[in-house]
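Q: can't give you the sequence, but here's the structure:
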């Protein structure tokens, strides 16, 4: 029993400090954190496999609120239940809270600074590259599975968003409904 508690404590500690680190050094919004979460929890710690990480990100993305916090909730809950979710949330929200608090104090002194505006503009380019990397890495996993329905859903979602300018909310709802139907049909087929 003590070893199990020690093991869970170790997971909680690693989870907290991982989320703290990721949240501190992630600039550009929640989608940037997805690739870093994958690297940390799938590649480094091997707590979650890649397909499951893709599912957790889909859940986090389709839930209301910032993806960084939603991602913390689903990963933390998967790893250590409610306590894991709370630990991950705490590790995620502390850095932005502190950074925004410090920035708000000195905002007037550097808001019109040319150097600061150029630094932020340069960071935007890096953010675009990181998001492209996430899309590539997760898309390759779907393509390698050669699941035609998943490929069709992915292509349809891309076309709906980028070509036909359909609101992303409708695309998420449609993909969620397709996923529910696929799950229902696969379970029904497995019962026979």
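A: Structure received. Only a predicted model underlies this, so the values are computations on that prediction, with no experimental measurement involved.

Q: Which of the helices or strands spans residue 128?
A: Counting by DSSP states H and E, the element that carries residue 128 is helix 114-145.

Q: Quick check: the gap between residue 140 and residue 14.
A: 27 Å (CB to CB, to the nearest Å). In this view, the C-beta of every residue, glycine as well, is placed from N, C-alpha and C.

Q: Between those two, which is the more surrounded one?
A: residue 14 (17 against 11; other CB atoms under 10 Å).

Q: how about the spatially most central residue of the chain, what does it touch?
A: When CA atoms, centre = their mean is applied to the chain, the residue found nearest the centroid is residue 34 (3.7 Å). The contact partners of residue 34, by CB atoms under 8 Å, 6 or more residues apart in numbering, come to 57, 67, 71, 134.

Q: Closest one of the residues you listed to residue 153?
A: For those, the minimum distance to residue 153 (CB to CB) is 15.2 Å, reached by residue 57.

Q: Could I get the average pLDDT for the helix or strand the closest one falls within?
A: Secondary structure here is read from DSSP H and E; on that basis residue 57 sits in helix 50-62. This predicted structure assigns helix 50-62 an average pLDDT of 85.

Q: Same question for stretch 80-92.
A: Mean pLDDT, taken over the full extent of stretch 80-92, equals 95.

Q: repeat for stretch 139-157
A: Per-region confidence: stretch 139-157 scores 84 on mean pLDDT.

Q: How far does that stretch sit from its chain's centre?
A: 19 Å (CA atoms, centre = their mean, to the nearest Å).

Q: Can you give me the buried ones in it?
A: 150, 153-154, 156-157 (16 or more other CB atoms under 10 Å).

Q: and if you look at stretch 7-26?
A: 11-12, 14-16, 18-20, 22-23, 26.
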